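Asks: fold the stuff below for me.
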Amino acid sequence: MATGTSTATLERAGRFIKWRLLEARRWPGRALNHLFGTAWYDRVLSSKRHIHPGNVRASNRYAVYLIFPKHGVQPSHLKVLRELIARDHAPVVVSNLPLSTADRTALVALAHAVIERPN
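Replies: You can find the predicted model right below:
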């Protein structure tokens, strides 16, 4: 039993060392993003953001609904928006992908605002 315990401890230590090495490799990118990410977004990416007013009235309660419609807007997206409206929320939809005209029209009908932005 002592052998099994020490083997498990060595395996755990090996996984920890691998994890720390991976974290060390990711550090430069994370540091750059932390230092310059907001400036990059403000100067470059914010001009690619589009805000479309929706048909749902303003409310005291808002819900931000983030979608990544890789395969277009799904019926489940629209169902969630209908549920939010039924509970007296004004949904604000944020899409991290460009929307087709049909998808945008469907979302605008069920949202207070639709925001398209680069990911």
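
Asks: is it correct that N60 falls within a strand?
Replies: No: remark: N60 does not belong to a strand; assigned using DSSP: H, G, I helix; E, B strand; the rest coil, it is coil.

Asks: how many neighbouring residues does it have?
Replies: Applying other CB atoms under 10 Å, we find 7 other residues in the vicinity of N60. (Glycine included, C-beta is placed from N, CA and C.)

Asks: ok, now the one 4 residues further on?
Replies: Using other CB under 10 Å, V64 is surrounded by 11 other residues.

Asks: return the set of residues that bridge with it.
Replies: On DSSP bridges, the residues paired with V64 through beta bridges are V92.

Asks: what's the burial count for the residue nearest to K70 when sequence neighbours are not counted?
Replies: Excluding its sequence neighbours, the residue lying closest to K70 (CB to CB, 6 or more residues apart in numbering) is L97, at 6.6 Å. Burial of L97, expressed as a neighbour count using other CB under 10 Å, amounts to 16.

Asks: OK, contacts around L97?
Replies: For L97, the set of contacting residues under the criterion of CB atoms under 8 Å, 6 or more residues apart in numbering consists of F68, P69, K70, E116, N119.

Asks: buried sites along the longest helix anywhere in the chain?
Replies: Counting by DSSP state H, the longest helix found in the chain is helix 2-40. Buried residues in helix 2-40, counted by 16 or more other CB atoms under 10 Å: none are found.

Asks: ok, then the element right after it?
Replies: Using DSSP states H and E, the next helix or strand after helix 2-40 towards the C-terminus is strand 50-53.

Asks: now do that following strand: distance to the chain's middle.
Replies: In terms of CA atoms, centre = their mean, to the nearest Å, the gap separating the centre of strand 50-53 from the centre of its chain is 18 Å.

Asks: now for that strand, which elements pack on it?
Replies: In this structure, strand 50-53 packs against helix 101-109, strand 113-116, with contacts taken as 3 or more CB pairs under 8 Å, 6 or more residues apart in numbering; DSSP states H and E.
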